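Return atomic coordinates for the entry below.
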Amino acid sequence: MHFKHPEILYFLFLLIVPILVHLFQLRRFKTSYFTNVRFLKELAIQTRKSSKIKKRLLLATRLLLLACAIIAFAQPFFAAADSKNASNEMYIVLDNSFSMQAKGKKGELLKRAVQELLENTPENTQFSLLTNTENFWNTDIKSSKNALQNLKYSATSFDLATITAKIKAHKSAHKKDIVIITDAVGLKEAAIKNLDFEEKPYFIVPKAEQKNNVSIDSVYINQTLENFYEIGINLSAYSEDFKPVSTALYNQNKLIAKTIVNFDAKKKKINFTIPKEAFHGYVAIEDNGLTYDNKLFFSISKNKKTNVISIGEPEKSNFLSRIYTSGEFNYNNYSISALDYNSLEKQNTIILNELIDIPQALQTTLKAFVSKGGNLVIIPSDKTSLSSLNALLGNFGKIQFGNLETNSKLITKINFDHPLFSGVFENKITNFQYPKVNSSFAVSSPYPAALSFEDQTTFVTSVQNPVSGITVFTAPINSANSNFQQSPLIVPLFYKIAQNNQKTGVNALTIGNNQPYFVDVLLTKDAILEVKGTDDSFIPIQQILNNKVKLTFNDFPETAGNYSIFDKKEWVENISFNYKRTESDLSQINTNVVSDFKTADTISTIFNTLQTERTDSQIWKWFVIFALLFLALEMAIIKFVK
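Here you go, the predicted model:
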């Protein structure tokens, strides 16, 4: 037993007062004489005996009364089992990612978690509430009621490591109690291992009853016909036993096509054919799973010709004119002596085709060209100046050329996962006719090869960055040195090189992906582009690059949908944004990673546990009651005991 005011116990020395009064009574008895005293002697003996009993009872009750009163003022209590953590600060982490839309026994997981917090959090409890995107520090349930009731699902995935870092950074003199409410979808073991708090957090993992879900993963142009686009749509089915799903295509909110999809496999691809013109709409499905991934917004811009220029001898560049046809490209070739440097900044792709020497002025211009989103292709000559070539390459990465090797090599390996071949092949080809080169340069490159020789050395590699691409060949490809111009690989390779970072297909950006977006528009110095949607608008980070504007969106917009880019009030082009699909698979739930932590079914269980373990048992009231009882007993003894 412990006392809040133990110093009051010194007053227990006052118990000696009633004892002294009892031992040293100042009353004296007076003797009276009677004629017949035998009967009176017997009466005196009885009276003296009962008087002693009464006095002793009174002494005992008074001592107990005084002792109970003194102990009550000292406020005794029994210490709680976990009283040392009674002053801990409470932090509640609430996962509001899209996967919390899943339905449990009592409704959507997030809405049910919010309701439990509102109903079971004590009004006098101070806590901090952290969600995927918002923080409410040092609040209480009354102050945060509106925020909880208006809490929306977030496109930001639940990142426990980021949230716990915020908690650690929130300085406090007290220890921290952390309650984490999450469905554990995508919860990584690495994030759990980094939880190095002195007290392990509590986990509440609500369970979804319905885990079936269908999502739209991507939309792309599968085939370009003379007057039509064939649109490919990739769907994914998660869990088991799916009913047919309705899929519809809308342009400007107008239904233009619809079909039913039967899932006989986890992945499904369907096609729609639409007119070959600008498109600004979405594809939608209807399923019983999560709703956030049931739409994918996309736009297709009007075809714009891509500007391509090759610099080199005309007779060695004839093959490029057959690839870059006038229907899709504005292609020109210039020798180094006839080159107009002012025309370079207007190009989308520049090809250095077997230049022997690269002038310093051209190197400076190409460096600026690439930094502003241009694509560069370098094809060496067998007589090239390695010093000027390596000086140019040093501006863009770590590729460096070595000596020329004159032994013949076959080109035998295609890197199908390389960005230059993404979407080119439906199936991996293993038995194509291998082209060859008679001589090639040794090369040092940390970047993956797109095409490789039979000895695993590099034939084509590239430096890919968010705004541009630098493609490097390690051998001349003129007809005297190689038969690569007759290979079927040359057309898709050069076509993809020229179209890198160009809007020639489906425009469907992902919110939170900071890859720059280029708008072909000529702005004045103080002009600003604005992105507008149906319900909101925002101004992205932007940089003017000659005849382009580089846009960076960061975490904007907050809502997926179709948007348009405006220069003041003038429409420039359409753009579409979508949420990440990382939350679509509810089978990613990983409850095993929290098995070493304290878990609970509801928030009320945690609050009750903490209340029980950390609240001292106050017993001073019992001593007050005992004091009153002894007072009443004393009065009864005085009145009824003779």
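
Tell me which residues are up against stretch 528-546.
Here stretch 528-546 makes contact (CB atoms under 8 Å, 6 or more residues apart in numbering) with 345-346, 372-373, 518-519, 521, 523, 525, 549-554, 556-559, 561-567, 572, 575. C-beta coordinates here come from the backbone N, C-alpha and C atoms, glycine included.

so when I look at residue 388, I'm seeing a strand, right?
No. Assessed with DSSP: H, G, I helix; E, B strand; the rest coil, residue 388 is helix; it does not lie in a strand.

any idea how far stretch 496-514 is from the chain center?
For stretch 496-514, the gap between its own C-alpha mean and the chain's C-alpha mean amounts to 23 Å (CA atoms, centre = their mean, to the nearest Å).

now do stretch 209-219
Here stretch 209-219 shows a centroid-to-chain-centroid distance of 19 Å under the convention CA atoms, centre = their mean.

Quick check: mean pLDDT of it?
In this model, stretch 209-219 carries a mean pLDDT of 90.

Could you pull out the buried residues of that stretch?
Of the residues in stretch 209-219, 211-216, 218-219 count as buried by neighbour count, 16 or more other CB atoms under 10 Å.

same check, this time on stretch 283-295
Buried residues in stretch 283-295 (16+ other CB under 10 Å): 283-285, 287, 289-290, 292-295.

Then stretch 337-353?
For stretch 337-353, using 16+ other CB under 10 Å, the buried residues are 339, 344, 347-353.

Show me where the chain dips below the pLDDT cut-off.
2, 25-50, 77-86, 194, 196-199, 423-432, 501-504, 611-618, 642 (pLDDT under 70).

Dead centre of it: give me the residue that sits there.
Nearest to the mean C-alpha position of the chain, by CA atoms, centre = their mean, lies residue 157 at 3.1 Å.

so residue 230 makes contact with residue 257?
No. Contact criterion CB atoms under 8 Å: residue 230 and residue 257 do not qualify, at 11.8 Å.

Need the overlap of contacts for those two.
With CB under 8 Å, 6+ apart, residue 230 and residue 257 have common neighbours 272-273.

Can you show me the strands along the stretch 151-300 of the chain?
Using DSSP state E, counting those that start in this stretch, the strands of the stretch 151-300 of the chain run over residues 176-181, 202-204, 213-224, 228-238, 245-251, 254-261, 267-275, 279-286, 295-300.

got these as JSON lines, with distance to residue 623 columns?
Converted to JSON lines, the strands of the stretch 151-300 of the chain look like this (distance: least, CB to CB, whole Å):
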{"stretch": "strand 176-181", "distance to residue 623": "33"}
{"stretch": "strand 202-204", "distance to residue 623": "37"}
{"stretch": "strand 213-224", "distance to residue 623": "63"}
{"stretch": "strand 228-238", "distance to residue 623": "64"}
{"stretch": "strand 245-251", "distance to residue 623": "72"}
{"stretch": "strand 254-261", "distance to residue 623": "76"}
{"stretch": "strand 267-275", "distance to residue 623": "74"}
{"stretch": "strand 279-286", "distance to residue 623": "70"}
{"stretch": "strand 295-300", "distance to residue 623": "69"}
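
Which among the ones you listed is found nearest to residue 327?
strand 213-224 (10.6 Å; CB to CB).

packing partners for the closest one?
For strand 213-224, the elements it packs on are strand 228-238, strand 279-286, strand 295-300, strand 506-507, judged by 3 or more CB pairs under 8 Å, 6 or more residues apart in numbering; DSSP states H and E.

Going along the chain, name the helices of the stretch 301-450 of the chain.
In the stretch 301-450 of the chain, the helices defined using DSSP state H, counting those that start in this stretch lie at 318-323, 360-371, 386-393.

mind checking which of those is nearest residue 505?
With respect to residue 505, and counting by CB to CB, the nearest of those is helix 318-323 at 18.0 Å.

Can you give me the buried ones in that closest one?
319-321, 323.

Then stretch 485-495?
Quick answer for stretch 485-495 (16+ other CB under 10 Å): 485, 487, 489-490, 493-495.

Show me the contact partners of it.
By CB under 8 Å, 6+ apart, stretch 485-495 touches 319-320, 323-324, 377, 411, 414, 420-421, 424, 432-433, 435, 450-451, 460, 477-479, 484.

what do you get if the cut-off is 7 Å, keeping everything else the same?
For stretch 485-495, contacts defined as CB atoms under 7 Å, 6 or more residues apart in numbering pick out 319, 323, 420, 424, 435, 477, 479, 484.

just curious, which of these is nearest to residue 278?
Taking the contacts of stretch 485-495 together and measuring to residue 278 by CB to CB, the closest member is residue 424, at 25.0 Å.

if we can go back for a sec, out of the contacts of stretch 485-495, which are buried?
319, 323, 420, 435, 477, 484.

quick one: secondary structure of the fifth one?
Three-state secondary structure (criterion: three-state DSSP) places residue 477 in coil.

wait, doesn't it sit right on residue 483?
No. Under the criterion of CB atoms under 7 Å, residue 477 is not in contact with residue 483, lying 9.1 Å apart.

Just say helix, strand or coil for residue 92.
Going by three-state DSSP: residue 92 is strand.

Let's have the helices and strands packed on strand 213-224 in CSV, adding distance to residue 3.
Formatted as CSV, the helices and strands packed on strand 213-224 follow (distance: least, CB to CB, whole Å):
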stretch, distance to residue 3
strand 228-238, 61
strand 279-286, 69
strand 295-300, 67
strand 506-507, 74
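
just so I have it, where are all the helices in the stretch 1-150 of the chain?
16-23, 38-73, 109-120, 145-149.

Show me the one of these that comes nearest residue 244.
It is, among these and with distance given as CB to CB, helix 109-120, at 26.9 Å.

still on that earlier bit, would you list the helices of the stretch 1-150 of the chain in TSV and tack on mean neighbour count?
Converted to TSV, the helices of the stretch 1-150 of the chain look like this (neighbours: other CB atoms under 10 Å):
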stretch	mean neighbour count
helix 16-23	12
helix 38-73	14
helix 109-120	19
helix 145-149	13
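
Let me have those in a markdown table, extended by distance to residue 192.
As requested, the helices of the stretch 1-150 of the chain are exported to a markdown table (distance: least, CB to CB, whole Å):
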| stretch | distance to residue 192 |
| --- | --- |
| helix 16-23 | 64 |
| helix 38-73 | 49 |
| helix 109-120 | 20 |
| helix 145-149 | 26 |
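
Give me the domain ranges for this structure.
2-79+618-640, 83-208+589-615, 213-300, 306-499, 506-578 (automatic domain parsing).

can you tell me which of the buried residues of stretch 283-295 lies nearest to residue 606?
Distance to residue 606, by CB to CB, is smallest for residue 290 among those, at 27.7 Å.

Could you give the number of residues near the residue lying closest to residue 469 once chain neighbours are set aside?
By the measure of CB to CB, 6 or more residues apart in numbering, the closest residue to residue 469 outside its immediate chain neighbours is residue 500, 4.4 Å from it. Residues lying near residue 500 (other CB atoms under 10 Å) number 22.

again, but for residue 1
For residue 1, the count of nearby residues is 9 (other CB under 10 Å).

for residue 302, same thing?
Other residues close to residue 302 by other CB under 10 Å number 11.

need the contact list for the closest residue to it other than its chain neighbours.
Counting by CB to CB, 6+ apart, residue 278 is the residue found nearest to residue 302 once chain neighbours are left out, at 5.0 Å. Taking CB under 7 Å, 6+ apart as the contact definition, residue 278 lies against 300-302.

Next, find the distance separating residue 278 from residue 529.
19 Å (CB to CB, to the nearest Å).

Cool, thanks, talk later.
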